[in-house]
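In: I would like to see how this sequence folds:
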Amino acid sequence: MPGMDDAAERAARSAHELARRTGTDRHDVLVVLGSGLAGVGEILGAGGPSLPLDTLPYFPRYTAAGHRAHGWSVDIAGRRVLVFGGRCHLYEGVQPEEAVHPLRTGVAAGCGTVILTAAVGGIRPDLAAGSIMVVEDQLNLTGRSPLSGPDFVDMADAYSPSLRRLALATPGPAAPGLSPRPGVYAQVLGPQFETPAEVAMLRTAGADVVGMSMALETIAARRAGAEVLGLAVVTNAAATAAVSTEIAGIGAVGDAAAPTVAEIVRHVVVSLP
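Out: Predicted coordinates for the structure are as follows:
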């Protein structure tokens with residue numbers, strides 16, 4: 001396992017190549033899109049030629065459905081925004097440091113603000129399919145970490161309170177489905193969905209939604225000094241037959257939520273100090 005110095009060096013090399021190929025020396029905000037949320041990038045202006053991410057140094061192969069291994073550099077209100085059309089997960093057979101390498105590359109490219117989006121299963125009763133929850137805390141239940149050695153990172157306020165406030169202040173007409181109540185995101189390994197007993201356990205532990213990404217990225221982002229906003233898009237009710245957990249169904253809900261997610265991202269970027 002590479003140490004933190006090795007990880008930082010790899011991220012710096014990837015960021016250098018990214019800058020060369022995008023023609024942009026520095027980016028301000030990184031947006032990582034979750035399952036079925038590729039439409040968010042297009043709405044934000046990422047519809048032009050893309051950068052194949054898996055051609056950058058040290059980037060993992062993206063194999064999960066609904067994730068695009070493509071990146072775009074777009075301008076939003078004078079800020080350079082780096083949009084990644086997907087991510088890699090532990091269940092794809094990669095190590096934690098590989099899964100967070102794209103995130104670390106974005107931070108090495110200058111992104112002091114990171115916006116993570118993810119498709120999730122809803123646990124809290126008010127979070128129906130199509131709801132968008134702003135993440136205020138997390139449970140890392142993977143048993144893994146992207147850090148190695150005695151690298152003690154303070155995870156209090158891991159999800160930036162100021163970015164949460166900006167996201168929740170997105171005008172209502174522009175953000176239908178945005179829950180006014182933030183909550184806790186739990187990351188599990190996957191790729192299987194949770195059993196009813198596991199969902200009951202997660203509910204007792206304080207989780208409001210459950211997914212298979214984001215928590216490790218947040219740890220890596222905080223280690224690198226970036227501010228994090230998490231947006232959890234509820235695509236199905238966890239462990240119920242009422243809403244399909246098939247990938248096609250999840251993708252359809254993500255497509256429908258994309259305009260709202262894009263508006264939240266745009267509002268946050270425009271409102272940054």
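In: Go through stretch 23-43 and flag the buried ones.
Out: In terms of neighbour count (16 or more other Cβ atoms under 10 Å), stretch 23-43 has its buried residues at 24, 27-41, 43. All C-beta spots, glycine's among them, are computed from the backbone N, C-alpha and C.
In: In helices, which of those fall?
Out: The members of these that map onto helices under DSSP state H are 38, 39, 40, 41, 43.
In: what kind of secondary structure is the residue positioned nearest the centre of the chain in?
Out: What sits nearest the mean C-alpha location of the chain, by Cα atoms, centre = their mean, is residue 116, with 2.6 Å. For residue 116, the reduced secondary structure class is strand; criterion used: DSSP: H, G, I helix; E, B strand; the rest coil.
In: May I ask you to confirm that it is in contact with residue 218?
Out: Yes: in this structure, residue 116 sits in contact with residue 218. The criterion is Cβ atoms under 8 Å, and the distance is 6.8 Å.
In: Between those two, which contacts overlap?
Out: Overlap between the neighbourhoods of residue 116 and residue 218 consists of 228, 230, taking contacts as Cβ atoms under 8 Å, 6 or more residues apart in numbering.
In: which parts of the helix or strand encompassing residue 73 are buried?
Out: With the criterion set as DSSP states H and E, the secondary-structure element containing residue 73 is strand 70-76. By neighbour count, and taking 16+ other Cβ under 10 Å as the criterion, the buried residues in strand 70-76 are 70, 71, 72, 73, 74, 76.
In: any chance of these in CSV, plus distance to residue 91?
Out: Formatted as CSV, the buried residues of strand 70-76 follow (distance: Cβ to Cβ, whole Å):
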residue, distance to residue 91
70, 21
71, 22
72, 26
73, 29
74, 30
76, 32
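In: What's the local residue count around residue 171?
Out: In terms of burial, residue 171 registers 9 neighbours under the definition other Cβ atoms under 10 Å.
In: For the stretch 101-250 of the chain, which segments count as helices?
Out: Under the criterion DSSP state H, counting those that start in this stretch, the stretch 101-250 of the chain carries helices at the ranges 101-108, 161-168, 196-205, 215-223, 247-271.
In: quick one, the longest one and strand 70-76 angle?
Out: When axes from the mean of the first three to the mean of the last three Cα atoms, to 10 degrees is applied, the directions of helix 247-271 and strand 70-76 differ by 30 degrees.
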